[in-house]
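Peer 1: no sequence for this one, just the structure:
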Ligand code: NAD
């Protein structure tokens, strides 16, 4: 047993082993391995092929849980057959709720912006656990499918606080919230509300919020306006890749998935099967992810020395084939050898990283919780049931459907208030131009003055289910007197 800090290492599939080896050779040359021991674990294609649908062995899970750190190469997701992405599973299982990516102009990497003299240097903080990434999807009718988007107050607080704390630690003075709160008033609206709420604890940081589509346009027009952007999961996923394109592609985008106990550091690109095993892959993304990891555990000095060597190498025209730069490209191994040989050198055309006087290792090992932690924010909310949304498979006209449902609920505490189809109101009023599909939502609300628990909504459901094919059922509620449901378009 050594007293080195242990980190689980999963080289991954495709180009994974080549780029991992390249990064390890640079770490070795920089003396990183004097203080860190990488423990190789089995994850990815090999494990999937052995029939384990998790894509990782029990030993791998144990090593990650005891070290709290995983450095991983890209891994393929089995297509079809219900196999889930191991990358998403890892982040969710281990509570690595914050995805942190850094996008910066690199010397020697030619892009539209480098040619125009527009410097790019910003971080994207993406929520990693919630949103549509639960993968909760259903086929509701032969024609209609749905995916559930879950956004929670504790989840929003966690990621927004992470963004502001990281900005503070990195000396960043402005955080931008990207959202679609104009359309998704409850989910994105909550994300934006909690961004504003958490920002009050960081008065020294300037804040702004931008609707996601405008953000994408602004990023292309003026990427230098941004310093840190915080986003929900799916929007963050898309914006991250857009941002990678601004700095030369996925080969240059590092990624860290940070949790309270376990953190995962990985390249954002995939396994690049088209170039695997040919010594063509660019190890920069994985190397930069490794540098976030070294800084995360307090090895700031060696991280800065390696980053400066990388910048110097790229600046001097040494690059892999995926990069548009001057000079002939070199292979993965030669690129890593060049970086190792340039340790101690600094870039000349841009400012290099300041090199701290020493490394201060400060990683706290995970403490295994005895039960899952329950996160809550609103504990004192008065909640009342005021009706139910029942989703049905039907090809009846809105008028015929309404007549049947009105008869059906006559003897119940509810009245039919709205029918909507794909979110657009089609009864009691609506437009004949609205095209219908065979799945609709019927909203029942309490007749005036009636106060109930959720029991009667279930009885109502049973009555509806006797006559119709029910595809979904959601009791609707008021929270401290505020509706916990959206209105239909046109309502
Ligand atoms: P990809 O990122 O593997 O490849 C897209 C293109 O970029 C290819 O032309 C490839 O050659 C090139 N490329 C990617 N990384 C490169 C590098 N480091 N150096 C040089 N060129 C590079 O995306 P894909 O083809 O859509 O996916 C392939 C597999 O990777 C799939 O199974 C997918 O599920 C998986 N994947 C894994 C991760 C991850 O592990 N985090 C991320 C994305 C995709």
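Peer 2: Cool, the structure landed. Fair warning: this is a prediction, and the values are worked out from it, not measured in the lab.
Peer 1: what's the helix or strand containing residue 156 packed up against?
Peer 2: The secondary structure element spanning residue 156 is helix 153-170 (assigned by DSSP states H and E). Contact here means 3 or more C-beta pairs under 8 Å, 6 or more residues apart in numbering; DSSP states H and E; on that basis helix 153-170 packs against strand 98-104, strand 121-127, strand 174-179, helix 187-199, strand 228-231. Just so you know, the C-beta spots here come from the backbone N, C-alpha and C atoms, and that holds for glycine as well.
Peer 1: rounded mean pLDDT for that helix, please.
Peer 2: Within the predicted structure, the mean pLDDT of helix 153-170 is 96.
Peer 1: most tightly packed of the helices and strands packed on helix 153-170?
Peer 2: Stretch with highest mean neighbour count among the helices and strands packed on helix 153-170: strand 228-231 (a mean of 26; mean count of other C-beta atoms under 10 Å).
Peer 1: ok, residues contacting that strand?
Peer 2: Contacts of strand 228-231 with the rest of the structure, by C-beta atoms under 8 Å, 6 or more residues apart in numbering, involve 122-127, 159-160, 163, 166-167, 172, 174-179, 195, 212, 215, 239.
Peer 1: quick check: closest non-adjacent residue to residue 355.
Peer 2: Of all residues not flanking residue 355 in the chain, residue 304 sits nearest, at 4.4 Å (C-beta to C-beta, 6 or more residues apart in numbering).
Peer 1: residue 138 looks like it's in a strand, true?
Peer 2: Yes - membership of residue 138 in a strand is supported by DSSP: H, G, I helix; E, B strand; the rest coil.
Peer 1: tell me the domain boundaries of the chain?
Peer 2: The record's domain parsing of the chain by automatic domain parsing lists 1-96+259-378, 98-234, 383-483.
Peer 1: the first one and the ligand in contact?
Peer 2: Yes - figure legend: domain 1-96+259-378 in contact with the ligand (C-beta under 6 Å from any ligand atom); contacting residues 15, 74-77, 87, 266, 269-275, 281-282, 285, 322.
Peer 1: reformat the helices and strands packed on helix 153-170 as JSON lines; add distance to the ligand.
Peer 2: What follows is the helices and strands packed on helix 153-170, written out as JSON lines (distance: least, C-beta to the nearest ligand atom, whole Å):
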{"stretch": "strand 98-104", "distance to the ligand": "11"}
{"stretch": "strand 121-127", "distance to the ligand": "13"}
{"stretch": "strand 174-179", "distance to the ligand": "21"}
{"stretch": "helix 187-199", "distance to the ligand": "24"}
{"stretch": "strand 228-231", "distance to the ligand": "18"}
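Peer 1: now those as TSV including mean pLDDT?
Peer 2: Formatted as TSV, the helices and strands packed on helix 153-170 follow (pLDDT from 0 to 100):
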stretch	mean pLDDT
strand 98-104	94
strand 121-127	97
strand 174-179	98
helix 187-199	98
strand 228-231	98
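Peer 1: and the contacts of the helix or strand containing the residue nearest to residue 355?
Peer 2: Element membership for residue 304 (DSSP H and E) is helix 300-315. If you take C-beta under 8 Å, 6+ apart as the criterion, helix 300-315 is touched by 26-27, 30-32, 106-109, 284, 287-288, 291, 294-295, 323, 325, 335, 338-340, 342-350, 352-360.
Peer 1: centre of the chain to stretch 256-268, how far?
Peer 2: In terms of C-alpha atoms, centre = their mean, to the nearest Å, the gap separating the centre of stretch 256-268 from the centre of its chain is 11 Å.
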